[in-house]
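Undergrad: need coordinates for the below:
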Amino acid sequence: MRLYKFFLLSLILLSVNAVANDQISGVWKHTQKSAWLEIEFESDLGSLSVKRHDNNLKAAGLNVIKDITTDLNQSSQWIGKMYSAAENGYVGIVLILINPTTLSIYEISDLSKSNEILRLTRE
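TA: Modelled structure (predicted):
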């Protein structure tokens, strides 16, 4: 009986993650630059990479954010790691789906969400 409950709970959590990840999967446009970024998930682990950048053609294919996972404590939020040149490494970030066409990204330590790192829109 315990095994059955564990299996059922696991199946429900996987389904919830897949639906949530579908909300942000796809191509997004950088609001400040002529750049398009793509979010893809594989086995509930996502990444954001440059699909096209009109001002920096060499940027295409670069991974910007890695290890994107659903934040089970907050609806419409995901967590991940974004490379920071200032930190010379990856920093924790939170991705917040403001509405179906707007995704905002903040450093995870910014509890007040006052310093937006990046804003993306769907076209």
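
Undergrad: double-check residue 52 against residue 38; I have them as touching.
TA: No. The criterion here is Cβ atoms under 8 Å, and residue 52 misses it with residue 38 at 9.1 Å. Every residue, glycine included, has its C-beta placed from N, CA and C.

Undergrad: the longest strand anywhere in the chain: which residues count as buried?
TA: For the chain, the longest strand by residue count, based on DSSP state E, is strand 89-99. By 16 or more other Cβ atoms under 10 Å, the buried positions in strand 89-99 come out as 93, 94, 95, 96, 97.

Undergrad: of all these, which comes closest to residue 26?
TA: Residue 26 lies nearest to residue 97 out of the buried residues of strand 89-99, by Cβ to Cβ, at 12.0 Å.

Undergrad: picking that back up, and the longest strand of the chain, which strands flank it?
TA: Strand 89-99 sits in its sheet next to strand 77-84 (antiparallel), strand 102-107 (antiparallel), going by DSSP bridges.

Undergrad: what's the closest non-adjacent residue to residue 117?
TA: Spatial nearest neighbour of residue 117, chain neighbours left out: residue 105 (4.9 Å); criterion: Cβ to Cβ, 6 or more residues apart in numbering.

Undergrad: list the contacts of that neighbour.
TA: Going by Cβ atoms under 8 Å, 6 or more residues apart in numbering, residue 105 touches 65, 82, 93, 94, 95, 96, 116, 117, 118, 119, 120.

Undergrad: all helices of this structure, in order?
TA: Using DSSP state H, the helices found in the chain span residues 2-24.

Undergrad: for it, name the helix or strand with the lowest mean pLDDT.
TA: Using mean pLDDT, DSSP states H and E, the weakest-scoring helix or strand in the chain turns out to be helix 2-24, at a mean of 51.

Undergrad: separation between residue 82 and residue 123?
TA: Residue 82 sits 22 Å away from residue 123, going by Cβ to Cβ, to the nearest Å.
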